[in-house]
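*Asks:* I would like the atomic coordinates for the input below:
(chains A and B)
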Amino acid sequence: MSRSNSFSRNILALLRLLILAIACLAVLVPLAYLVINSIKLPREFLTVPPTILPTEVTFQHYEELIDDSKTIRYFRNSLTVALWTTAITILSGTLAAYGLARMRLAARFLALITFLFLFIRFYPRVTTVIPFFLVMRELDLLDTVWAIIIGQLGITIPFVTWLMLVVFQDLPAEIEEAAIVDGASIWQRFWRVVLPIVMPSVSAAAILTAFLSWNEFLIASSVARRKASVLSIAVASFVSDKGIQWGPMAAMSVVMIVPMIIFALFAQKYLIRGITFGAVKG
Amino acid sequence: MTWHSRHDLPWLLAFVLPAFVIVVAVQFYPLAYSAVLSVQEWSLTESQAPLGFVGLDNFREELGDSTFQRSVRNSIVITGGAVILEMFLGVFLAYLTMGSSWRMRAVRTLLILPMVIAPVAAGTLWRILLNSRAGLVNHLLSAIGVQGPEWLASPDWALVSVIMLDTWQWTPFVLLVAGAAIASIPTDLLEVAAIDGASRWRTFLHVELPLLMPLLLLTLVFRMLESLLSLDSIYSLTFGGPGFSTYTMTFYIYTQGLRNFNFGAAAASSWIFMAFASLSIWLAFRFQRRDW
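*Replies:* This next block holds a predicted model:
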């Protein structure tokens, strides 16, 4: 009896390992295949059967990308957009969340605000892309990184405000009371007392914002196609342009993906916190 | 008396102001603008300025348009298929990866990688994998004696491809959220069930699932909305093709507006889409405000 029990237990444990191994391979193999394709010789791309492992390693696709001044510009633009978007979002979003949390709003009003945050996060953004394009044209900002940054702020600020609002609401009032007795102004309370405590959450919000911004495509592709173009547009452009250049496409995708994977591995704790937070809390 | 003084209020308002101004300028103003556009005749190829009020003509034309109808159908098939797969796989994998050993933590780290990849790049990645002649997927299939389909060249398989991509990229999200929820279930509840002699499966069905349900429903609505709204991955995987066979609502509106510059039509169809999305958002709102 107990023997057959431990036997079936072993089978289950083995099955679990097997399924997890398959799941891990399903993640790793596509990524590895992309990297392999970026170092394959052009003549080995469309051979049948496919060359899984290239006979010869070449870095020509990367060299071509680096030689092309456009790639450097895309990379720089992506970085500029991500940095500015994150900085402005964290500053204004955290402040706004603190303001909302301390206003002691009526429950009804808070519910309305929660609904608005949800709405802004999930309504079909294509709806506003065209008017936004027209506004940017009016302001003569088309094809500038600022058009992308301003557009992304509309998404990231409500998102971060929402995340931080929950954090500030959960903070016990006693933390600030001592500072109030000492006669600290609200700004000093925010800056010296509250902010250091919620710093881990701020970091999580910042990291998530940087990710959203770096990977964003819709807004960037609608307001900036040439000078201010970013990596996401560059990656997508390989598809619609004359035929598909497999090597450069794979190399450009690697250039876009790798920084985020490294970033994710280092900032994993914060990233997971940020992603699950919006769903689990709120 | 509140624990902060009255004269804090101007400060608090000032704190909220910058964010408020940006959100109104970047979200609500364009939203209102788009409502105005939806009842105007305006195609940029014909004129630099709107050609006047046409009432509900744009809406009538869009609803009767065969590409629009096809996009609605495709959106339902893709989102429905992908989200159902993601929910089942995600919860399943969340259970399998439970535990705090370094091995399980490493597995979890690995499994969530697809989520951090830019959707455009995930699209190009799968375009390479699914190439019918030289792609890895068909090569692996032929190794086990299966003749793989023309993934991206056949209308039906192209839809399947989009579902596969969405599932590959977003199952990790369900895994993460479900994993966090499972970990927060009090262990004594499970112990009581085990002592009562309930099997693992019955414990899951009668104790855990009811506890997880509200959060799973919320996750489902979140995933549904995000999948409906996604543009990037379809853009780089199929570009709506072959023909119009993987046009989704979002992709259709995008091409109407920013490729054909048919602003009136794009605005009208996006408001039809909006009506449906708003309903789902309201559902998410209800789920989220329930206590658990």
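*Asks:* give the buried residues for stretch B:106-117.
*Replies:* B:107-108, B:110-117 (16 or more other C-beta atoms under 10 Å in any protein chain shown). No exception for glycine: its C-beta is placed from N, CA and C like everyone else's.
*Asks:* let me fix that, I meant to ask about stretch A:164-172.
*Replies:* Buried-residue list, stretch A:164-172, by 16+ other C-beta under 10 Å: A:164-168, A:171.
*Asks:* now do stretch A:47-56
*Replies:* So for stretch A:47-56, counting by 16+ other C-beta under 10 Å, buried means A:50-51.
*Asks:* touching chain B at all, that stretch?
*Replies:* Yes: contact of stretch A:47-56 with chain B is found when judged by C-beta under 8 Å from any C-beta of the partner chain, involving A:47-50, A:52.
*Asks:* tell me which of those fall in strands.
*Replies:* Among the residues of stretch A:47-56 next to chain B, none falls in strands (DSSP state E).
*Asks:* tell me the one of the residues you listed nearest chain B?
*Replies:* A:P50 (4.2 Å; C-beta to the nearest C-beta).
*Asks:* tell me the pLDDT at that closest one?
*Replies:* According to the prediction, A:P50 has pLDDT 71.
*Asks:* so it makes contact with B:G135?
*Replies:* Yes: counting by C-beta atoms under 8 Å, A:P50 does reach B:G135; the two are 6.8 Å apart.
*Asks:* now do the contacts for B:S132.
*Replies:* B:138, B:148-153 (C-beta atoms under 8 Å, 6 or more residues apart in numbering or on different chains).
*Asks:* so among the residues you listed, which ones count as buried?
*Replies:* Neighbour-count burial (16+ other C-beta under 10 Å) applied to the contacts of B:S132 gives B:138, B:148-149, B:151-152.
*Asks:* ok, of those, which one's closest to B:L63?
*Replies:* The closest of the buried ones among the contacts of B:S132 to B:L63 turns out to be B:L152 (C-beta to C-beta; 29.5 Å).
*Asks:* that closest one - that's part of a helix, no?
*Replies:* No: counting by DSSP: H, G, I helix; E, B strand; the rest coil, B:L152 falls outside a helix, being coil.
*Asks:* now the helices for the stretch 151-292 of chain B?
*Replies:* B:155-183, B:187-195, B:200-203, B:209-229, B:232-237, B:249-258, B:263-289 (DSSP state H, counting those that start in this stretch).
*Asks:* mind telling me which of the ones you listed the model trusts least?
*Replies:* Going by mean pLDDT, the lowest-scoring of the helices of the stretch 151-292 of chain B is helix B:187-195, which has a mean of 76.
*Asks:* quick one: contacts of stretch B:249-260?
*Replies:* So stretch B:249-260 is in contact with A:124, A:126-127, A:129-130, A:133, A:218, A:221-222, B:43, B:45, B:67-68, B:71-72, B:75, B:228-231, B:234-235, B:240, B:247, B:262-263, B:265-267, B:269-270, B:273, going by C-beta under 8 Å, 6+ apart.
*Asks:* which of the residues you listed count as buried?
*Replies:* Buried among those by 16+ other C-beta under 10 Å: A:124, A:126-127, A:129-130, A:133, A:218, A:221-222, B:43, B:67-68, B:71-72, B:75, B:228-231, B:234-235, B:240, B:247, B:262-263, B:265-267, B:269-270, B:273.
*Asks:* now do A:F238 against B:A118, distance only.
*Replies:* Going from A:F238 to B:A118 by C-beta to C-beta, to the nearest Å gives 13 Å.
*Asks:* the more surrounded of the two?
*Replies:* B:A118 (26 against 22; other C-beta atoms under 10 Å in any protein chain shown).
*Asks:* just give the number of residues close to the nearest residue to that one once chain neighbours are set aside.
*Replies:* Nearest residue to B:A118 in three dimensions, chain neighbours excluded: A:N215, at 3.8 Å (C-beta to C-beta, 6 or more residues apart in numbering or on different chains). The local packing of A:N215 (other C-beta under 10 Å) involves 23 other residues.
*Asks:* surely A:N215 and B:A122 touch.
*Replies:* No: using C-beta under 8 Å, A:N215 is not in contact with B:A122; the gap is 9.6 Å.
*Asks:* quick one: stretch B:155-172 near chain A?
*Replies:* Yes: judged by C-beta under 8 Å from any C-beta, stretch B:155-172 and chain A are in contact via B:W168.
*Asks:* which of the residues in that stretch are buried?
*Replies:* B:157-172.
*Asks:* check the offset of it from the chain's centre.
*Replies:* On the basis of C-alpha atoms, centre = their mean, to the nearest Å, stretch B:155-172 is displaced by 12 Å from the centre of the chain it belongs to.
*Asks:* one step back: in helices, which of the buried residues of stretch A:164-172 fall?
*Replies:* In this view, those that belong to helices under DSSP state H are A:164-168.
*Asks:* what's the longest helix in chain B?
*Replies:* Per DSSP H, chain B has its longest helix at helix B:66-96.
*Asks:* buried set for that helix?
*Replies:* B:67-68, B:70-72, B:74-75, B:77-79, B:81-83, B:85-87, B:89-94, B:96.
*Asks:* next: stretch B:175-185.
*Replies:* Buried, per 16+ other C-beta under 10 Å, within stretch B:175-185: B:175-182.
*Asks:* how about that stretch and chain A, any contact?
*Replies:* Yes: using C-beta under 8 Å from any C-beta, stretch B:175-185 reaches chain A at B:176-177, B:180-181.
*Asks:* CSV please, covering the buried residues of stretch A:164-172 and showing pLDDT and distance to chain B.
*Replies:* Shown next, in CSV, are the buried residues of stretch A:164-172 (pLDDT from 0 to 100; distance: C-beta to the nearest C-beta, whole Å):
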residue, pLDDT, distance to chain B
A:M164, 89, 10
A:L165, 87, 11
A:V166, 83, 11
A:V167, 86, 15
A:F168, 88, 11
A:L171, 84, 13
